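# take this sequence and fold it.
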Amino acid sequence: MSEAKSWERPTMAEADTSQVAVESFAVSCGAAASERADERSSARPVKDVVVTVRMTADDAVDLAFVQTELGAASGPDAVREVIRLVAALQRDESHQSAKAQRPAAVVDEVLLTEVRDAVREVTTSYNERTRELHFIGHNWNQITKVANATGKVDTDAIRGVERALVDIRMQMAADAERDAKLMAVLPFQS
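So this is what the prediction gives:
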């Protein structure tokens, strides 16, 4: 390996001897790695060995399945969990997966029903407002067509649109009050 590249990991062509591979591993796990480890928080174990894996698309699908089944947050977490599981099985030890270690979520059925019903009510209300605004836009379009064609404006039509807009404003105020009540029910709102 050239002197300029002595700090890098060798390529496959350069790693043709076991000595080069051992030196490369020693460099990657040596002083630089221990310095980084000292800087990291001591709350978690230091992960200072890097393993790169290439896999087929089918293997990636299997990894995603294993990740989901084990409750791992990421692919690397799933790989670490599988390694711990296999090692425990080989040692005839018991193993509890990360998914089993997490506390189960407690579902409040009453709260869930209240939130579901409130969301349905909000959705229905906003859909109605959208429909009404669509019709008002259509009415304005018709008024402008008649005004452009005849040169006259129907004041009764304009007042009708104005009344509809006042009604929508009042309904939106009522929706805002309802939404405030909904937000008070949700436990994750501050």
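
# Three-state assignment for residue 47, please.
coil (DSSP: H, G, I helix; E, B strand; the rest coil).

# can you point me to the longest helix in this protein?
helix 109-150 (DSSP state H).

# against which helices or strands is that one packed?
Under the contact definition 3 or more C-beta pairs under 8 Å, 6 or more residues apart in numbering; DSSP states H and E, helix 109-150 sits against helix 155-185. Quick note: C-beta positions are derived from backbone N, CA and C, even for glycine.

# next, the angle from the helix it packs on to helix 109-150.
Counting by axes from the mean of the first three to the mean of the last three C-alpha atoms, to 10 degrees, helix 155-185 lies at 160 degrees to helix 109-150.

# which non-adjacent residue is nearest residue 158?
Distances taken as C-beta to C-beta, 6 or more residues apart in numbering place residue 143 nearest to residue 158, at 6.7 Å, with adjacent residues excluded.

# residues in contact with that neighbour?
Contact partners of residue 143, counting by C-beta atoms under 8 Å, 6 or more residues apart in numbering, are 153, 154, 157, 158, 161.

# what does residue 75 give?
Neighbour list for residue 75: 63, 64, 67 [criterion: C-beta under 8 Å, 6+ apart].

# just the buried residues of these.
63, 67 (16 or more other C-beta atoms under 10 Å).

# residue 51: which of the contacts of residue 75 is nearest?
Proximity of the contacts of residue 75 to residue 51 (C-beta to C-beta) peaks at residue 63, which lies at 13.8 Å.

# so can I have a markdown table of the contacts of residue 143 showing neighbour count, distance to residue 58 and pLDDT?
Output for the contacts of residue 143, formatted as a markdown table (neighbours: other C-beta atoms under 10 Å; distance: C-beta to C-beta, whole Å; pLDDT from 0 to 100):
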| residue | neighbour count | distance to residue 58 | pLDDT |
| --- | --- | --- | --- |
| 153 | 11 | 69 | 83 |
| 154 | 13 | 69 | 84 |
| 157 | 15 | 65 | 84 |
| 158 | 14 | 66 | 85 |
| 161 | 15 | 61 | 85 |
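
# pLDDT and secondary structure added to the contacts of residue 75, as CSV?
Putting those into CSV (pLDDT from 0 to 100; DSSP: H, G, I helix; E, B strand; the rest coil) gives the following:
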residue, pLDDT, secondary structure
63, 86, helix
64, 88, helix
67, 83, helix
